[in-house]
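S.K.: model this:
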Amino acid sequence: MKGVLSVESGYMGGHVADPSYEAVCMGTTGHAEVVRITFDPAQVTFQDILHVFFAIHDPTTLNRQGNDVGTQYRSAIFYHSPEQLAAARERIAAFEEPESVVTEVTPAVIFYEAEAYHQEYFARNPHAGYCQYVVRPKVEKFHRYFAEWTR
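M.R.: Next up, the predicted model:
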């Protein structure tokens, strides 16, 4: 996406320091699987990123994304400023049925970077089953609906 400088996979929002992927998958750490997005606000706005976020996942299913079930798969926005909080609340309020949105909006806390094999996972494993059936459709949807924002 134009203006996005980096995307890092990781974990946030839980009570266990330096969690492993396996521990997060157990659902006992309190962490959500997240991505940390570093972006150039002169090229892309936080509102644009929220627009894409809400377009490529289901914000109305509690603790679930597709076949992935558990608190680690909750829809969450971890904000870094009052402006980001306001933007997230405004975007949710704009939904046709905002009360159906279960996206957690909370202050950003410690980000724990995921293991190296999780970084750029789709690019490195495009033929893996999860990538074929879960990630690829989301990437294709992004390119279909947001072509003007691609590099």
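
S.K.: so what pLDDT did residue 78 get?
M.R.: For residue 78, the model assigns a pLDDT of 98.

S.K.: For the strand or helix carrying it, list every residue counted as buried.
M.R.: Applying DSSP states H and E as the criterion places residue 78 in strand 76-79. Within strand 76-79, the residues that count as buried by 16 or more other CB atoms under 10 Å are 76-79. Backbone N, C-alpha and C define where each C-beta goes, glycine included.

S.K.: Check which helices and strands it is in contact with.
M.R.: strand 32-39, helix 82-93, strand 104-107 (3 or more CB pairs under 8 Å, 6 or more residues apart in numbering; DSSP states H and E).

S.K.: what's the most buried one of the ones you listed?
M.R.: Neighbour counts (mean count of other CB atoms under 10 Å) averaged over each of the helices and strands packed on strand 76-79 peak at strand 32-39, with a mean of 17.

S.K.: Could you report the separation of the closest residue to residue 104 other than its chain neighbours from residue 110?
M.R.: Using CB to CB, 6 or more residues apart in numbering and skipping the chain neighbours, the partner closest in space to residue 104 is residue 76 (4.2 Å). Look at residue 76 and residue 110: by CB to CB, to the nearest Å, they are 14 Å apart.

S.K.: swap in residue 21?
M.R.: For residue 21, the distance to residue 110 - CB to CB - is 17 Å.

S.K.: Which one's more surrounded, those two?
M.R.: residue 21 (15 against 12; other CB atoms under 10 Å).
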